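# Predicted model follows, preceded by the sequence.
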Amino acid sequence: MGSGKKPIADLPPNVSVYPVETSKGYRYWRLLVGKRFTGGEIISKNFRWIQEARKWILGDAQKLKANPGSLLELKATAPAQGFSLTPARLSEACDAFRRLDEIQMTLTEAIDFVVKRARPTAGTISVSEAIEKAQLRKESKRPAYRRDLVRRWRRFERWGCPRQNDPTPERRASESAGIRLTR
């Protein structure tokens, strides 16, 4: 390997193979397939033998290759909205559709699933309201622990991030105590 010779000749662009040796002397081959090849995420695979890596690159890796097609074909078949996306976003979309095909799911189904389960609806509450709700969850704890916790939370409330239209700490402290200052 010291002569600069590549372990696998004529690798596609953005694909690399190199040997890795563990501290116990175990040697294997790491294969990295980059974003430009897949059009999405970086893929890292380890192989015991270089022949296995070569076989995977020439076989299964070709299924992961992003083939967006020529720009003229894309203009003829896609609506104008497709051209407002950057090449990176188009590649990401191609990768997303490939991954959705693997699990037999449509893009709409995937988005519906995420909207319903991954990001629950939440409102905006003040720090004092959050402290009150947290106190209710800590009712079963020791009183001394709760007092100490509330004291720390109130300190955060007084010296936390300033509000967008209210840069003064005095104003924040007074409003958190329920006093409203006017200028």
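Thanks, I have it. Numbering: from 1, shown residues only.
# Do you have the helices of this structure handy? List them.
For the chain, helices defined by DSSP state H occupy the ranges 35-38, 50-58, 60-64, 71-77, 87-102, 107-113, 127-137, 143-159, 169-176.
# Could you pull up the mean pLDDT of the fourth one?
The pLDDT scores in helix 71-77 average 62.
# Equivalent analysis for the first one, please.
Model confidence over helix 35-38 averages 78 on the pLDDT scale.
# cool, the last one as well?
Confidence for helix 169-176, expressed as mean pLDDT, is 56.
# circling back to that earlier point, any chance of the helices of the chain in JSON lines, plus distance to P12 and mean neighbour count?
For the C-beta atoms, the positions are set from N, CA and C on the backbone; glycine is no exception. What follows is those, written out as JSON lines (distance: least, C-beta to C-beta, whole Å; neighbours: other C-beta atoms under 10 Å):
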{"stretch": "helix 35-38", "distance to P12": "6", "mean neighbour count": "18"}
{"stretch": "helix 50-58", "distance to P12": "7", "mean neighbour count": "16"}
{"stretch": "helix 60-64", "distance to P12": "8", "mean neighbour count": "13"}
{"stretch": "helix 71-77", "distance to P12": "21", "mean neighbour count": "10"}
{"stretch": "helix 87-102", "distance to P12": "15", "mean neighbour count": "14"}
{"stretch": "helix 107-113", "distance to P12": "28", "mean neighbour count": "11"}
{"stretch": "helix 127-137", "distance to P12": "52", "mean neighbour count": "13"}
{"stretch": "helix 143-159", "distance to P12": "52", "mean neighbour count": "12"}
{"stretch": "helix 169-176", "distance to P12": "57", "mean neighbour count": "15"}
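# and those as JSON lines, adding distance to Y18?
Listed next are the helices of the chain as JSON lines, based on distance: least, C-beta to C-beta, whole Å:
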{"stretch": "helix 35-38", "distance to Y18": "16"}
{"stretch": "helix 50-58", "distance to Y18": "10"}
{"stretch": "helix 60-64", "distance to Y18": "16"}
{"stretch": "helix 71-77", "distance to Y18": "34"}
{"stretch": "helix 87-102", "distance to Y18": "24"}
{"stretch": "helix 107-113", "distance to Y18": "35"}
{"stretch": "helix 127-137", "distance to Y18": "50"}
{"stretch": "helix 143-159", "distance to Y18": "48"}
{"stretch": "helix 169-176", "distance to Y18": "55"}
